[in-house]
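Colleague: From the sequence below, what's the structure:
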Amino acid sequence: MKQYGLENIRNVALLSHCGAGKTSLAEAVMYAAGATNRLGKVDDGATVSDHDPDEIKRKISLNLN
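Modeller: Next up is the predicted model:
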């Protein structure tokens, strides 16, 4: 695994009510930053953060990433 120095680490927290768009915002930020090569959608079950089968089925995030 690639090692990063403390000066290069940034932590971000997205906090909001259920259904407010946190996962969609996270997808858009990762896509715009070049961290992913596609813009995943919650309704399609194609987001980077929602990888658990229950999250895809229920269309909500259940785990903290």
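Colleague: Please count neighbours and contacts with C-alpha atoms only from this point.
Modeller: OK.
Colleague: Residues touching the longest helix along the chain, excluding its own?
Modeller: If you go by DSSP state H, the chain has its longest helix at helix 22-32. For helix 22-32, the external contacting residues (Cα atoms under 8 Å, 6 or more residues apart in numbering) are 14-16, 36-42, 47-49, 61.
Colleague: now, the most widely separated pair of those?
Modeller: Ser16 and Asn37 (26.0 Å; Cα to Cα).
Colleague: returning to what we had before: next one: the longest helix of the chain to chain centre, how far?
Modeller: 6 Å (Cα atoms, centre = their mean, to the nearest Å).
Colleague: cool, stretch 10-24 as well?
Modeller: Counting by Cα atoms, centre = their mean, stretch 10-24 comes out at 9 Å from the chain centroid.
Colleague: and what of stretch 8-23?
Modeller: 8 Å.
Colleague: which residue is nearest the centroid of this protein?
Modeller: Ser49 (3.9 Å; Cα atoms, centre = their mean).
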